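Novice: build me a structure from this.
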Amino acid sequence: MIRLVSRLLVIAVLFVAPAYAAAQELSEPERNFEHLWKTFDRNYALFGAKDIDWDALYKVYRPRVTSKTTDDELFQILADMLGNLNDNHVGLSSPKRRFQSGILGQMKMEDFSLDLVKQKFLKGKSKPLVDGVFDYGWLTDSVGYFHFRGFGRLEQTQAAIDVIVKEFKDAKAMVIDVRGNGGGDDRVGKLIADRFADRKRLYMKTAIRNGARRDDFTPWKYWYVEPGGPIQFTKPVILLTHRFSVSAAENFALAMRVLPHVTVVGDATSGVFADVYGDRMPNGWSFRVSFKLFIDHTGFCWEGIGVPADIRETNTKADIDQQRDRVLELAVSLIETGALKPQDESASVKDIRESLAGNLARDINNQGVDAALAAFRKAKAGPASSYYFDLEELMAAADSLWKSGKKREAVAVFKIGVAESPWSYTVHELLGDAYYNLGDTAQAAAMYKKASELNRRSYPWEIASYDDSVRLAKGTRLLAKDLARDIDANKGIDVAVKAFDQGKSGDPGSYYIDEAKINQLGYQLLNRGKTAEAIEVFKLNVREFPKSSNVYDSLGEAYAKAGNRELAVQNYKRAIELDPTNRNAIDVVKRLSGGDEAIDTKVFADYKGRYDSPLGLITVTLDEGKLFAQPEGNAKEELVAKSSTKFQVTNVGAEVEFVRDEQGQVAKMLIRISGQQMEAKRLK
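Specialist: You can find the predicted model right below:
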């Protein structure tokens, strides 16, 4: 199933397939249909797992689109076609309509209430952790319970789960509840499951679609649950699931169900595992594509089905209204009767492998790079069934070595990545970055050239990366990249800015300045607490792009963070002059100019609604005076007000700004993360 294809084959398929598309110039409706169909054809990961004949669906739906097809008709045709995928992660949004494939879009969660659990079933008050992500308490004198609503904040979650396990270490059993869990980061799920592991067990394998053929994937990434943390709880555990246990919550269920002492009670999960990304059609409509394949330890893919419960029990809305939770009641009864017995999970220990990348990183730190490379080669010479190679893990290890000052070791690790994954443009690009930062321009250019050749330009991040690789391969200097390198090398901000200016002394065609990348660097410094350096970077961006409202806005924010109210106001006012619709700048100036004026919370109600973003649909709600944003399929996050229009999402380090149109109506939401900005239009 895993196959690497040549670049020639990729190009052939991209430009020849599908053969059904007419050679003549297409009308706008036809062009939009072709764009979406071809994007799924290149990137969707689940055709094989679901036995979907995408070509057959093309032949059914393509003839329905003509030059006379209206927007409403086109939307319905595309929705009907995507509906056949039965994939809750797949969606389509236009300014007027939205569609979600799969069953979740047709359902409403009415079978679970955490408030009911806390008020009726727990002894005493529940204890919240991580801003209410976790709630835990005792169901009886000997049975512990905890619920969590999402998988995020890795470090905080690690501390929280260790507190909970320590609290319940003497309990005779524990109930873990992931009902109403919107998912998140699979690494967090593994971290939690490790606290309940009796030994190393395989629970999941993942691969990314990476070629023109529908069975082109990266090599498998192996996911193991294994004892972790100061305490492991290996007494009876019941995991509660239902149809609104989504995405990472389902992968967590895969991890827990391979443990002999764990019993899953409730209903099947939602059946939406794969990682998803957002893209746009030529007409501006957004859509979401599942691009990663998830299978369990037996090789079965539960997409569209959901992880089944060992013992099925469900609630109705009437049960909840009548203060009943039959699922939780059954769980307690199963524990109290002592009827639960360990299950046979021997299949999960049949394919135990060592991570070559993980072992390499460990050995470099413990034994040095030469001994580590020798151990790597020795392991590779052994049976192929004894190891796996995880490129993502290797690149993360190399990055960690580089940041710790072990540059020679990092280069050696990147070289292994190139040798083991010759198909990956990313690792070639990263090795190019390493050579570039070391001043070896010839080897850097060779790596960037190879990266540009390997880059499919199919995923949005591939397209974004391609232009830089081409520029660097030609010897064009990226001054934003140089600036970041010099700052990271601790040369001092003054030296870095001086080098930036010297880089502009040559032919204008010999260098390239990227406003967004410089702004991104400024925010990275700001988020790391290096406010003075961030101010200098933003000042440089203002100098280079004096007609950009955004760069003045960013500089104003940095000055405000530094406590320099006068310069903050000055720059925000300039941002307003350049863009009179910059509502955030207007509100901040009003607040700063008037002293410590309270944020106007009355306008928060205006922001409620649904927003169509490149990441998918985001729902904004207001609860007890606080705003919350919930991306579809993920946990709800609080928006912490910085002004009447600008909010911080602390959990993910993002910033959200609401923007009104000329009529004063909220029209869109701007999402800034790591210095990059995405626009989410409000749906009417």
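
Novice: starting from the lowest-mean-pLDDT helix or strand in the chain, tell me the next helix or strand along the chain.
Specialist: Every helix and strand of the chain was ranked by mean pLDDT, DSSP states H and E. The lowest is helix 7-16, at a mean of 30. Once helix 7-16 ends, the next helix or strand along the chain (criterion: DSSP states H and E) is helix 28-43.

Novice: export that following helix to CSV, keeping only CA atoms.
Specialist: Written as CSV, here are the backbone C-alpha positions of helix 28-43 (Å, rounded to 0.1, in the frame of the first residue of the first chain):
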residue,chain,number,x,y,z
GLU,A,28,-16.2,29.3,-14.1
PRO,A,29,-18.6,26.6,-12.6
GLU,A,30,-16.7,23.9,-14.5
ARG,A,31,-13.3,25.3,-13.4
ASN,A,32,-14.4,25.3,-9.8
PHE,A,33,-15.7,21.8,-10.0
GLU,A,34,-12.5,20.6,-11.6
HIS,A,35,-10.4,22.4,-8.9
LEU,A,36,-12.2,20.7,-6.0
TRP,A,37,-12.3,17.3,-7.6
LYS,A,38,-8.6,17.3,-8.6
THR,A,39,-7.6,18.6,-5.1
PHE,A,40,-9.3,15.6,-3.5
ASP,A,41,-7.9,13.3,-6.1
ARG,A,42,-4.4,14.4,-5.2
ASN,A,43,-4.7,14.8,-1.5
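
Novice: that one packs against which elements?
Specialist: Using 3 or more CB pairs under 8 Å, 6 or more residues apart in numbering; DSSP states H and E as the contact test, the elements touching helix 28-43 are helix 7-16, helix 54-61, helix 71-83, strand 286-290. Bear in mind the C-beta positions are built from the backbone N, C-alpha and C, glycine included.

Novice: let me know the average pLDDT across it.
Specialist: Averaged across helix 28-43, the pLDDT comes to 97.

Novice: next, the buried residues of that helix.
Specialist: Of all the residues in helix 28-43, those buried under the rule 16 or more other CB atoms under 10 Å are 29-30, 32-43.

Novice: and the angle from that helix to helix 54-61?
Specialist: 170 degrees (axes from the mean of the first three to the mean of the last three CA atoms, to 10 degrees).

Novice: what ranges do the strands span in the stretch 251-400 of the chain?
Specialist: Applying DSSP state E, counting those that start in this stretch to the stretch 251-400 of the chain gives strands spanning 262-266, 276-280, 286-290, 292-296, 311-312, 354-355, 387-388.

Novice: how many neighbours does Trp285 have?
Specialist: As a burial measure, Trp285 scores 22 neighbours (other CB atoms under 10 Å).

Novice: just the one 4 residues further on next, same as before
Specialist: A count of nearby residues for Val289, using other CB under 10 Å, gives 26.

Novice: Asp351 too?
Specialist: As a measure of burial, Asp351 has 16 neighbours, counting by other CB under 10 Å.

Novice: how near is it to Asn359?
Specialist: 17 Å (CB to CB, to the nearest Å).

Novice: then Asp53?
Specialist: Taking CB to CB, one finds Asp53 at 42 Å from Asn359.

Novice: hey, where'd the strands end up in the stretch 501-650 of the chain?
Specialist: 511-512, 609-613, 616-623, 626-631, 637-641, 646-649.

Novice: could you dump those to a markdown table with mean neighbour count, distance to Leu259 and mean pLDDT?
Specialist: Converted to a markdown table, the strands of the stretch 501-650 of the chain look like this (neighbours: other CB atoms under 10 Å; distance: least, CB to CB, whole Å; pLDDT from 0 to 100):
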| stretch | mean neighbour count | distance to Leu259 | mean pLDDT |
| --- | --- | --- | --- |
| strand 511-512 | 17 | 53 | 94 |
| strand 609-613 | 20 | 37 | 84 |
| strand 616-623 | 18 | 32 | 82 |
| strand 626-631 | 18 | 30 | 84 |
| strand 637-641 | 19 | 30 | 83 |
| strand 646-649 | 20 | 33 | 83 |
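
Novice: got a markdown table for those strands, with distance to Phe252 too?
Specialist: Below are the strands of the stretch 501-650 of the chain laid out as a markdown table (distance: least, CB to CB, whole Å):
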| stretch | distance to Phe252 |
| --- | --- |
| strand 511-512 | 44 |
| strand 609-613 | 25 |
| strand 616-623 | 21 |
| strand 626-631 | 18 |
| strand 637-641 | 19 |
| strand 646-649 | 23 |
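
Novice: nearest to Ile238, out of those?
Specialist: strand 626-631 (27.3 Å; CB to CB).

Novice: so what strands line up beside that closest one?
Specialist: Using DSSP bridges, strand 626-631 pairs in its sheet with strand 616-623 (antiparallel), strand 637-641 (antiparallel).

Novice: any chance of those in CSV, plus distance to Ala667?
Specialist: Formatted as CSV, these follow (distance: least, CB to CB, whole Å):
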stretch, distance to Ala667
strand 616-623, 13
strand 637-641, 17
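
Novice: out of those strands, nearest to Ser404?
Specialist: Among the strands paired with strand 626-631, if distance is taken as CB to CB, the winner is strand 637-641, at 31.5 Å.

Novice: got the contact list for the closest one?
Specialist: For strand 637-641, the surrounding residues in contact (CB atoms under 8 Å, 6 or more residues apart in numbering) are 131, 152, 599, 601, 604, 620, 626-630, 647-652, 656.

Novice: equivalent analysis for stretch 67-82, please.
Specialist: Contacts for stretch 67-82 (CB under 8 Å, 6+ apart): 27-30, 32-33, 36-37, 57, 60-61, 64-65, 90-92, 94, 96-97, 99, 101, 283, 285, 287.

Novice: give the rounded mean pLDDT of it.
Specialist: Here the average pLDDT along stretch 67-82 is 97.

Novice: residues of it that come out buried?
Specialist: For stretch 67-82, by 16+ other CB under 10 Å, it's Thr69, Asp71, Leu74, Phe75, Ile77, Leu78, Ala79, Met81, Leu82.

Novice: if we can go back for a sec, of the strands paired with strand 626-631, which is nearest Arg591?
Specialist: Comparing the strands paired with strand 626-631 by CB to CB, strand 637-641 comes nearest, at 10.7 Å.

Novice: what residue ranges in the protein score low on pLDDT?
Specialist: Residue ranges of the chain with pLDDT under 70: 1-24, 105, 594-598, 614-616, 632-635, 650-653, 673-677.

Novice: repeat that for 50
Specialist: 1-23, 596-597, 674-675 (pLDDT under 50).

Novice: what residues does Asp185 make contact with?
Specialist: Phe151, Gly152, Leu154, Ala248.

Novice: list the contacts for the residue located most distally from the centre of the chain?
Specialist: Ranked by distance from the centre of the chain (CA atoms, centre = their mean), the top residue is Thr337, with 41.9 Å. Not one residue lies near Thr337 by CB under 8 Å, 6+ apart.

Novice: how far away is it from Ser404?
Specialist: 54 Å.

Novice: got the buried residues of stretch 67-82 as JSON lines, with distance to Ala473 columns?
Specialist: Below are those laid out as JSON lines (distance: CB to CB, whole Å):
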{"residue": "Thr69", "distance to Ala473": "42"}
{"residue": "Asp71", "distance to Ala473": "41"}
{"residue": "Leu74", "distance to Ala473": "39"}
{"residue": "Phe75", "distance to Ala473": "41"}
{"residue": "Ile77", "distance to Ala473": "41"}
{"residue": "Leu78", "distance to Ala473": "37"}
{"residue": "Ala79", "distance to Ala473": "42"}
{"residue": "Met81", "distance to Ala473": "39"}
{"residue": "Leu82", "distance to Ala473": "37"}
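
Novice: could I get the helices and strands packed on helix 28-43 as CSV with distance to Gly180?
Specialist: Listed next are the helices and strands packed on helix 28-43 as CSV, based on distance: least, CB to CB, whole Å:
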stretch, distance to Gly180
helix 7-16, 42
helix 54-61, 34
helix 71-83, 25
strand 286-290, 22
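
Novice: for Lys96, grab the count of nearby residues.
Specialist: 10.
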